[in-house]
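Asks: I need the structure of the sequence given here:
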Amino acid sequence: MMGSRARLVSLLFAFLLARAAIAAAAGSGSRYLTKDARWMKQRLDHFSPTDHRQFKQRYFEFLDYHRAPGGPIFLRICGESACGGIPNDYLAVLAKKFGAAVVTPEHRYYGKSSPFKRLTTENLRYLSSKQALFDLAVFRQYYQESLNARYNHSGFDNPWFVVGVSYSGALSAWFRLKFPHLTCGSLASSGVVHAVYNYTDFDKQVGESAGPECKAALQETTRLVEQQLLSDSRSVKTLFGAQTLKNDDFLYLLADAESEAFQYGHPDAVCPPLVNAKKNGKNLVETYAQIVKDFYIKEMETPVYSYDQEYLKKTTPNDSSN
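Replies: Numbering: from 1, shown residues only. Coordinates of the predicted model:
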């Protein structure tokens with residue numbers, strides 16, 4: 001049962017207007033709707049007729065708002081990171097409004113859903129967006145059948161709506177194109193469906209979003225950091241708690257800290273303190289170091305070691321976020 005066109009239009013408009021509801025969701029308590037993990041067996045290679053190997057894929061479900069048994073299912077796609085639960089965000093507001101269940105499977109190779117203990121080049125051959133799309137299709141079938149069994153239905157099909165952001169947004173769009181019979185629609189927020197080599201427009205947009213004063217303060221801070229790296233690299237890295245990083249890795253950390261603040265809607269974590277420091281003649285590098293430690297490393301839970309090239313080369317990384 002795919003649902004009426006009017007219902008789909010209502011869903012789409014609700015998603016477009018959802019940012020007005022984010023504040024309500026953010027103030028509702030827990031950061032997660034649920035962190036209780038469930039498991040299913042997933043096929044390793046969807047394109048081999050002879051390879052029947054499987055791995056355990058983690059997923060999460062939230063049914064508190066579900067108008068059982070026929071309410072919609074929001075399939076939230078987890079992207080290229082460990083998935084520790086279902087966040088309490090705008091999707092929770094929409095789930096409550098439309099009586100929807102929210103389910104989210106963890107992407108293969110991330111968190112606790114890796115087919116292999118060692119991420120060697122040979123073992124990584126099954127990490128692709130094509131495999132991930134079929135993972136979603138298999139999960140969709142598996143979960144629909146589990147719901148039917150739970151409610152003693154046979155052959156029933158809830159309306160499914162697929163949601164993703166960035167890379168998972170691209171998966172959401174591709175899933176709708178590849179499996180139109182499995183979803184009534186998809187939201188592909190900032191879906192990266194076109195690869196661009198040497199993409200500089202993102203950084204340009206950060207500068208525009210920052211505004212003239214903040215942009216100038218960020219640029220001056222960058223120049224000062226680069227100068228101090230030449231004269232006393234260990235001291236300046238120590239200010240940021242990143243003395244173990246090589247210069248390039250360190251600069252990558254600093255660039256990400258500012259850009260992700262804008263990308264995820266936290267410009268006030270960067271601009272006011274930095275602009276005020278510049279106006280009042282305070283040390284810009286020390287001010288920015290405090291911003292990076294308090295906001296990016298602590299609040300956004302970004303470990304410094306994740307920028308270390310040597311750490312990234314390990315075939316058995318210790319991912320404490322999973």
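Asks: low pLDDT regions in the stretch 1-150 of the chain?
Replies: The model of the stretch 1-150 of the chain has pLDDT under 70 over residues 1-29.
Asks: looking at this, residue 42 is in a strand?
Replies: Yes: per DSSP: H, G, I helix; E, B strand; the rest coil, residue 42 lies within a strand segment.
Asks: residues in contact with it?
Replies: 54, 55, 56, 57, 108, 113, 135, 138, 139 (C-beta atoms under 8 Å, 6 or more residues apart in numbering). For the C-beta atoms, the positions are set from N, CA and C on the backbone; glycine is no exception.
Asks: next structured bit after the host helix or strand of the second one?
Replies: Using DSSP states H and E, residue 55 sits within strand 54-62. The helix or strand immediately downstream of strand 54-62 is strand 73-76, counting by DSSP H and E.
Asks: remind me what that following strand packs against, helices and strands.
Replies: helix 90-98, strand 101-105, helix 129-150, strand 160-165 (3 or more C-beta pairs under 8 Å, 6 or more residues apart in numbering; DSSP states H and E).
Asks: now do stretch 268-286, average pLDDT.
Replies: Average pLDDT, stretch 268-286: 97.
Asks: just to revisit the earlier point, let's have the helices and strands packed on strand 73-76 in CSV, adding mean neighbour count and distance to residue 237.
Replies: Shown next, in CSV, are the helices and strands packed on strand 73-76 (neighbours: other C-beta atoms under 10 Å; distance: least, C-beta to C-beta, whole Å):
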stretch, mean neighbour count, distance to residue 237
helix 90-98, 21, 37
strand 101-105, 24, 37
helix 129-150, 17, 36
strand 160-165, 24, 32
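Asks: possible to save those as TSV with distance to residue 204?
Replies: Output for these, formatted as TSV (distance: least, C-beta to C-beta, whole Å):
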stretch	distance to residue 204
helix 90-98	27
strand 101-105	33
helix 129-150	27
strand 160-165	21
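Asks: follow-up on the earlier one: which one of the contacts of residue 42 is nearest residue 272?
Replies: residue 113 (39.7 Å; C-beta to C-beta).
Asks: how near is that closest one to residue 106?
Replies: Residue 113 sits 4 Å away from residue 106, going by C-beta to C-beta, to the nearest Å.
Asks: what sits against residue 190?
Replies: Residue 190 neighbours (C-beta under 8 Å, 6+ apart): 165, 166, 169.
Asks: give me the buried positions along the host helix or strand of the last one.
Replies: For residue 169, the element it lies in under DSSP H and E is helix 167-178. Counting neighbours by 16 or more other C-beta atoms under 10 Å, one finds that the buried residues in helix 167-178 are 167, 168, 169, 170, 171, 172, 173, 174, 175, 176.
Asks: one step back: hey, C-alpha coordinates of the strand holding residue 55 in CSV?
Replies: C-alpha atoms of strand 54-62 as CSV (Å, rounded to 0.1, in the frame of the first residue of the first chain):
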residue,chain,number,x,y,z
GLN,A,54,26.9,-13.2,5.6
PHE,A,55,27.7,-10.7,8.3
LYS,A,56,25.8,-9.3,11.3
GLN,A,57,24.3,-5.8,10.6
ARG,A,58,23.2,-3.6,13.4
TYR,A,59,20.0,-1.7,13.3
PHE,A,60,17.7,0.4,15.5
GLU,A,61,13.9,0.8,15.7
PHE,A,62,11.6,3.3,17.4
